[in-house]
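*Asks:* Predicted structure and sequence below. I'll ask about it afterward.
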Amino acid sequence: MADTSSTPDTRTPAQIEADIKRRREALAETLDEIGVRVHPKTIVGDAKAKVASRVDHTLARMDVGITRLVGQAKRQLVTEEGAPRLERIVPAAMVVVGVAGLFALSSRRRKD
C-alpha cells in the first residue's frame, strides 16, 4: 500500500463517502465469514467431515488389503484351472478342525 499522506487528497467528498461505504461493506462481509467459520456448528461439521474422510480412506485401504489376502489364499488353495489343491486344503482343514476341537474341550473343562 502506497503512503498517500504526503500527497493531497483530490477526491471529492462523495468519492470519499463511497470509498468508506465500500470498505464498510467489505469489512461486514469479512466479519460475517469469520463468524461462520468460528461458529460451533461449522467447527463440528468440519471435524465430522475430516473423520468421515479418514474412515472412508481407512476402509478403502482395508478393503484393498483384504482383497489381496483373499487372492493370495485363493492362489494357495486353487489351481490356475480352478481345481482345488487337495494337498493344501486337507492339512489346513485338519488344523482348523483340531483348533476347534481344542476350543470345545477347553470350554467344557471350564464349565465342569
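*Replies:* Yep, that arrived. Numbers count the residues shown, from 1 in each chain.
*Asks:* Pull the contacting residues for residue 32.
*Replies:* Under the criterion of CB atoms under 8 Å, 6 or more residues apart in numbering, residue 32 has no neighbours. Glycine gets a C-beta too; all of them are placed from N, C-alpha and C.
*Asks:* give me the number of residues near residue 89?
*Replies:* When neighbours are defined as other CB atoms under 10 Å, residue 89 has 13 of them.
*Asks:* In space, what's closest to it - neighbours in sequence excluded?
*Replies:* Nearest residue to residue 89, sequence neighbours excluded (CB to CB, 6 or more residues apart in numbering): residue 77, at 5.6 Å.
*Asks:* where do the helices sit along this protein?
*Replies:* Along the chain, counting by DSSP state H, helices occupy 13-38, 40-77, 86-111.
*Asks:* which ones are touching the residue nearest to residue 89?
*Replies:* Residue 77 touches 84-85, 88-89, 92, counting by CB under 8 Å, 6+ apart.
*Asks:* any idea how far residue 100 is from it?
*Replies:* 19 Å (CB to CB, to the nearest Å).
*Asks:* What of residue 56?
*Replies:* Residue 56 sits 36 Å away from residue 100, going by CB to CB.
*Asks:* and the helices of the chain as JSON lines, adding mean pLDDT and distance to residue 7?
*Replies:* As requested, the helices of the chain are arranged in JSON lines below (pLDDT from 0 to 100; distance: least, CB to CB, whole Å):
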{"stretch": "helix 13-38", "mean pLDDT": "94", "distance to residue 7": "15"}
{"stretch": "helix 40-77", "mean pLDDT": "94", "distance to residue 7": "43"}
{"stretch": "helix 86-111", "mean pLDDT": "89", "distance to residue 7": "89"}
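*Asks:* No further questions, thank you.
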